[in-house]
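> Got a predicted model here, sequence first, then my questions.
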Protein chains: 2
Amino acid sequence: MLKIKELETPCLVLNRSKVQRNITTIEQRLARLGASLRPHGKTAKCIDVIRMLAPQHQKRITVSTLKEAEYFFSHDITDILLAVGITPSKLPRLKNLIEQGAQLTIILDSIEQVVFVSQYAAQHDLNIKVLIEIDCDGERAGIPWDDDQLLAVGRALIAAPGVTPIGIMTHAGGSYHCKTPEQMIQMAEQERTAAVKSAQRLTDLGIHTEVISVGSTPTALFAENLEGITEVRAGVFMFNDLVMAGLGVCHFDDIALTVLTSVMGRHTAKQRLLVDAGWMALSRDRGTASQLVDYHYGAVADEHYNQIRCLSVNSTNQEHGIIECQSQQASQFRLLFVGTLLHVFPNHACATAAMHDRYYVTDDGVTISDVWHRVNGW
Amino acid sequence: MLKIKELETPCLVLNRSKVQRNITTIEQRLARLGASLRPHGKTAKCIDVIRMLAPQHQKRITVSTLKEAEYFFSHDITDILLAVGITPSKLPRLKNLIEQGAQLTIILDSIEQVVFVSQYAAQHDLNIKVLIEIDCDGERAGIPWDDDQLLAVGRALIAAPGVTPIGIMTHAGGSYHCKTPEQMIQMAEQERTAAVKSAQRLTDLGIHTEVISVGSTPTALFAENLEGITEVRAGVFMFNDLVMAGLGVCHFDDIALTVLTSVMGRHTAKQRLLVDAGWMALSRDRGTASQLVDYHYGAVADEHYNQIRCLSVNSTNQEHGIIECQSQQASQFRLLFVGTLLHVFPNHACATAAMHDRYYVTDDGVTISDVWHRVNGW
């Protein structure tokens, strides 16, 4: 069997035991709260990872691209939520999926979108299921729950042919800026409240709000009450990353995804180590830059996953990672010969995984038991 | 013929007329200086782009990965320089390429590397051509030209079986931090001097230094003297980007690569426009952050390439780009309906192109005349 030490670097290593533990954590937590999970496929982009969830969580999925939708549909997941606002150029592939039998739901937050989706649907004899996107934290898209625009879009959906409003969705992206567990709990409750209140307004309009969808990994793991919520979306939790660890959402040891890299240069005079994972392998994501501990382009561990606390990838070029060492780290330094393998723990699992087309899967941290492929692009 | 306005977003659009102009600029400049180009394949990663160079510049190439090396070799470019320091796990594929007839040259800067490369080469009856990497600016890898380590590595290469030293290479990454044309000219001269002086020291050792290789797009375009240099490496110049424009290496109008995106939301109350190009399509590169004009995640133009000066992509999520508008921009804003197409000019062409698997090629900015594929990964 192939061993980690035989892998060509840089490459992506996925520790399956840690993925399983991360999945169990969220499944148990949501079960206690009586909530159901609609996993987000955007982090893993890989059916084999989704197949590690409990059977009831493999029946429906959240996606960020039509390519993911097509991929998961081809692997028999039919209930799919495209959780990024709809645009006209995406309609033909949406139509193909629906005609092939996908139970596809889209999101929107404007009358403009209702108009072009409805026109297209009516013209092609489709019926498209729609969630109205709610803004619960001012971070990105959506309509605030108490804004009258919500009712205007709701009424437009009721009146328009070819579209069926079935509820609302919201995403508390603001949870990524929380500093304490209390703030995270409060953000989860803010997300829930916005969802439930907006759904009630639409119910009052006469819409059958069968879906009330919330989610982000931090709020999914910190929510203490999910009453009224029909599904929770989350994806990063499967892998976790340094940003999640910095938020207190997971421990460092829960990070299941690493980039395996080789030392390619030791420059003692410059106190510098060069590795063959640059931004092409690690991504340019600097998510920990605004956190208490800044890992620059990633934390470093030895081949056996033991963190080398004094080292991080300080800067990157395309195929070079540069680890600058403090003088007191010189003793560590001497052991890191050219060719030594290191694991780099990523700031942001979605971004780092996106730079690769496959996962080298390990259970024991020594041998590779599987190679799993990702679906990148659009 | 497919039109730009019919493309599904997000996607990468390459303006071939601009690529041709950029190529002509550097070819004429280097011809005037009597220097020869070894194009770097790491930006375009596409044989069709390399085929736009003058015939004499298609005979040899620089690559950053073995995958690029294999790809360009399969397209009949046999003289290949792998311009990233060698590590042990890369040797088997290197061997395959050499055995298939590739004239492959590697770089290294330590005796450790000489030892494992020589052992492998001798064991497999190979002869591997080697350049010693020189550090001309303290930015990354390499040995300073006046460091005695240079002679030690040179002597080790002479003594070791299976390796043939053929010269030196250096890369003035520091040119990316220059603020004025004068600094750039000085940096180019610093790069040239380090190259020529280190080559002389190796010649004095008895090494036949047939290759004296320098390069970066800024120094290639600002060098006023390339005496003693046998080849100039550069890659970004083919596309250019906002960082290059900020450095004064090109004009905004020379940027040949854009991400085509659709408006997917207009939030007038928040003065915010959402587009469907997030960091997955644009990359997380923030190269202009340290420049005079910070374009955040990219500058914005309309479908006809007219820059909308008041707009840039201020922040990104995975599949969302967020354009925050000042109130005085409200008049622009009203014209940007959901579905409106925009071009986003990238901070860093290498990083943005790396997020895509193909280029939609246009000559006239209206129709798509070709679709060209990239070779991503390792």
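In hand now; what should we look at?

> least trustworthy helix or strand in chain A by mean pLDDT?
helix A:330-334 (a mean of 71; mean pLDDT, DSSP states H and E).

> Quick one: name whatever helix or strand follows that one.
Using DSSP states H and E, the helix or strand that follows helix A:330-334 towards the C-terminus is strand A:341-345.

> Residues contacting that next one from elsewhere in the structure, which ones?
Here strand A:341-345 makes contact (CB atoms under 8 Å, 6 or more residues apart in numbering or on different chains) with A:4-5, A:7, A:9, A:13, A:241-242, A:252, A:255, A:257-263, A:275, A:277, A:282, A:295, A:297-303, A:305, A:307-308, A:313, A:321, A:336. All C-beta atoms are positioned from the backbone trio N, CA, C, and that covers glycine.

> Which of these fall within strands?
Applying DSSP state E to the contacts of strand A:341-345, the entries found in strands are A:13, A:257-263, A:275, A:299-302, A:307-308, A:321.

> ok, which pair from those is furthest apart?
Taking CB to CB as the measure, the ones in strands among the contacts of strand A:341-345 span a maximum distance of 20.5 Å, between A:257 and A:263.

> So between those two, which is more surrounded?
Using other CB atoms under 10 Å in any protein chain shown, the more surrounded residue of residue A:257 and residue A:263 is residue A:257, with 27 against 22.

> and residue A:122, backbone torsions?
Residue A:122 has phi and psi values of phi -60, psi -40 when expressed as degrees, to the nearest 10.

> if I pick it, what's in contact with it?
With the criterion set at CB under 8 Å, 6+ apart, residue A:122 makes contact with A:161-162.

> repeat for residue A:81
Taking CB under 8 Å, 6+ apart, one finds A:38, A:60-63, A:104-105, A:107, A:131, A:169, A:213, A:233 in contact with residue A:81.

> what do you get if the cut-off is 7 Å, keeping everything else the same?
A:38, A:62, A:105 (CB atoms under 7 Å, 6 or more residues apart in numbering or on different chains).

> The second one contacts residue A:37, correct?
Spelled out, that is residue A:62. No - counting by CB atoms under 7 Å, residue A:62 does not reach residue A:37; the two are 9.7 Å apart.

> So for those two, which sits in the more crowded spot?
The neighbour comparison of residue A:62 against residue A:37 (other CB under 10 Å) goes to residue A:62, with 28 against 25.

> hmm, the helix or strand hosting the more buried one touching chain B?
Here residue A:62, judged by DSSP H and E, is contained in strand A:60-63. No - Strand A:60-63 lies apart from chain B when judged by CB under 7 Å from any CB of the partner chain; the minimum separation is 9.8 Å.

> Quick one: name whatever helix or strand follows that strand.
Taking DSSP H and E, what comes next after strand A:60-63 is helix A:66-74.

> Only the buried residues of that next one, if you could.
For helix A:66-74, the neighbour count (16 or more other CB atoms under 10 Å in any protein chain shown) marks A:66, A:68-73 as buried.

> What of stretch A:43-55?
Residues of stretch A:43-55 classed as buried: A:43-50, A:52-53 (neighbour count, 16+ other CB under 10 Å).

> Ends of it, what's the gap?
Chord length of stretch A:43-55, first to last residue, is 19 Å (CA to CA, to the nearest Å).

> what's next to that stretch, contact-wise?
Contacts for stretch A:43-55 (CB under 7 Å, 6+ apart): A:19-20, A:23, A:27, A:39, A:41, A:58, A:61, A:68, A:72, A:75, A:235-236, A:238-239, A:349-350, A:353, A:359, A:372-376.

> The same query, at a cut-off of 6 Å, please.
Stretch A:43-55 has contacts (CB atoms under 6 Å, 6 or more residues apart in numbering or on different chains) with A:20, A:23, A:27, A:39, A:58, A:75, A:235-236, A:238-239, A:349-350, A:372, A:374-375.

> can you check stretch A:366-378 too?
A:1-3, A:45-46, A:48, A:65, A:67-68, A:71, A:357-363, B:357.

> now residue A:274, nearest residue through space, not along the chain?
Excluding the flanking residues, the one nearest residue A:274 by CB to CB, 6 or more residues apart in numbering or on different chains is residue A:265, at 3.7 Å.

> Give me the subset of the contacts of stretch A:366-378 that lies in strands.
Using DSSP E, the subset of the contacts of stretch A:366-378 located in strands is A:358-362.

> Give me the buried subset of these.
A:359-362.

> my guess is residue A:231 meets residue A:37, correct?
No - the criterion here is CB atoms under 6 Å, and residue A:231 misses it with residue A:37 at 7.0 Å.
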